[in-house]
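J.: I'd like to go over a predicted model; first the sequence, then the structure.
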Amino acid sequence: MAISVTCPKCEHAFAVRDEYAGRRGKCPQCGGVFTAEPSDDAAGESPALVTSGAGRANGASPRRNGATGAASPFANVGVAAPSVQSAGATSVASAYAARQRSSGLPGWGWLAIGVMLLVAGGAIGGAWALAPDPLEIKKIVKDRSAKADKAFEAFENEVLNKIDDVDEKLPDLEDDIEEFARPKTLDEDVIPGVVKVLNVQGGGPRGSGTGWIMNDQHWIATNHHVIDGCESLYVMTADGKKHDIEGIIADKQEWDLAILKPKEKIPGGKPLRIAPNDGSYLPNAGDKVWAIGNPASHMFTTTRGVITRRVSQRQLINEASQTDTAFYADPERDIMWIEHDARIFPGNSGGPLLDDNFRVIGVNTLLQMIPLQQAIDAAKSNRRMGLRLSPTFGLASNSMYILELMELHSDGKLIKSF
């Protein structure tokens, strides 16, 4: 026998076995809950649903202990033979399959969708809340654009100013290039930078030597022994004009070097180039040299020679017994001297020693291999002496020492004024 049931939710009609009378179940169509209540006319109906365990001749499937067991409600149900199934009935299995194909979402699916919508909404809301005010953005962009324009304008002005400076300096630069490329001569490039130094004592000149202009301020380099004991100093240029010396900037007896400061720049004076500017010049034996000076009553003479050797100060002191030139030991260092055979005489001391490019490589002093007075007497009498005269050698301190002395006294402060 079967019980006809109509789902109270979706009004789907179907039949269940009478053994489920009074029991609750779920509609195979919509899942709604129903109660199987027997009706008066249910007795004449044929069973429409059978359990899948009906098996042989619709009998219950025997268990291992020989007992028969009924299937659980609405589980494993199948369609009976078509001849005994009612026309409007739908099998539980077919209804379950239809439910599985349904497009509706279960409750947990809708819950998941809701959670995702909440998260997305929160993210959008947070982004909106954190987003800056469009007016503020516009103001920031405007300020930054103004700063960029101002920086570009400053850069442009700087470039234009530099171009203007180059335009102004270009003629001078062209003159410098032309001057550098011009072949150098002693008369044009050396003699204007050389002076005669006169040592005044007791109201008149007591001795003389040579000096040369060493920088744009017209400081003058010479020997220590040229100015030693002076009461005042003045210099004379090749045009015969005298120029007063304001005082002494540096005086190094051990190196036989001194630096003088004129009261004003010497008109027509030209600073000589020093080789090299970093003071690292190292002369070699055999290099050709020029010596410029004012020996005795002669003015601005030039002699030619070669470097004979480099010699240390200690070696010269050991050889002093053969010379009439005094050398003073430097307790701090053993400096190097340049010995050469360009002819120099008293009055040449302090003059520049030049290389073939007319750059100053040393400051000349005098080295006599025989007593000076004996050589002078021999020259005057023009007679042969019993002792054969050795040639006079020139001696020059390396240019690096005059550069070093100038650096030590770069402030130009006078150690002695006149």
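T.: Cool, got the structure. Residues are numbered from 1 along each chain as shown.
J.: show me this structure divided up by domain.
T.: Here the domain assignment for the chain is 2-101, 134-182, 188-417, based on automatic domain parsing.
J.: and these as JSON lines, adding mean neighbour count, mean pLDDT and distance to residue 122?
T.: Every C-beta, even on glycine, is put in place using the N, C-alpha and C of the backbone. Supplementary listing: the domains of the chain in JSON lines, determined by neighbours: other Cβ atoms under 10 Å; pLDDT from 0 to 100; distance: least, Cβ to Cβ, whole Å:
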{"stretch": "domain 2-101", "mean neighbour count": "14", "mean pLDDT": "57", "distance to residue 122": "33"}
{"stretch": "domain 134-182", "mean neighbour count": "10", "mean pLDDT": "83", "distance to residue 122": "23"}
{"stretch": "domain 188-417", "mean neighbour count": "18", "mean pLDDT": "86", "distance to residue 122": "73"}
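J.: can you check which of those domains gets nearest to residue 125?
T.: Checking those against residue 125 by Cβ to Cβ gives domain 134-182 as the closest, at 17.7 Å.
J.: any idea how far the closest one is from the chain center?
T.: 22 Å (Cα atoms, centre = their mean, to the nearest Å).
J.: would you turn the domains of the chain into TSV with distance to residue 112?
T.: Below are these laid out as TSV (distance: least, Cβ to Cβ, whole Å):
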stretch	distance to residue 112
domain 2-101	19
domain 134-182	36
domain 188-417	83
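J.: quick one, which of those domains is nearest to residue 124?
T.: Nearest of these (Cβ to Cβ): domain 134-182, 17.3 Å.
J.: dihedrals phi and psi, the residue nearest the centre of the chain?
T.: Centroid-nearest residue in the chain, with Cα atoms, centre = their mean: residue 155, separated by 20.9 Å. Dihedral pair for residue 155: phi -60, psi -40, per degrees, to the nearest 10.
J.: which of the domains of the chain sits closest to residue 113?
T.: domain 2-101 (19.7 Å).
J.: please report how far residue 366 lies from residue 290.
T.: Distance of residue 366 to residue 290, computed by Cβ to Cβ, to the nearest Å: 17 Å.
J.: from the chain's centroid, how far away is the host helix or strand of residue 308?
T.: Residue 308 belongs to strand 301-312 when elements are defined using DSSP states H and E. Put simply, strand 301-312 sits 46 Å off its chain's centre (Cα atoms, centre = their mean).
J.: adjacent strands (with direction) for that strand?
T.: If you go by DSSP bridges, strand 301-312 pairs up with strand 288-293 (antiparallel), strand 336-340 (antiparallel).
J.: now what about it, what contacts it?
T.: 186, 282-295, 334-344, 393-394 (Cβ atoms under 8 Å, 6 or more residues apart in numbering).
J.: confirm residue 115 sits in a helix?
T.: Yes. Counting by DSSP: H, G, I helix; E, B strand; the rest coil, residue 115 is found in a helix.
J.: tell me the pLDDT of it.
T.: Note for residue 115: predicted pLDDT of 82.
J.: that one: neighbouring residues, count only.
T.: Other residues lying near residue 115 total 10 when counted by other Cβ atoms under 10 Å.
J.: measure it to residue 418 for me?
T.: In terms of Cβ to Cβ, residue 115 sits 103 Å off from residue 418.
J.: go on, residue 199?
T.: 12 Å.
J.: circling back to that earlier point, rebuild the strands paired with strand 301-312 as CSV, extending it with distance to residue 315.
T.: Listed next are the strands paired with strand 301-312 as CSV, based on distance: least, Cβ to Cβ, whole Å:
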stretch, distance to residue 315
strand 288-293, 20
strand 336-340, 9
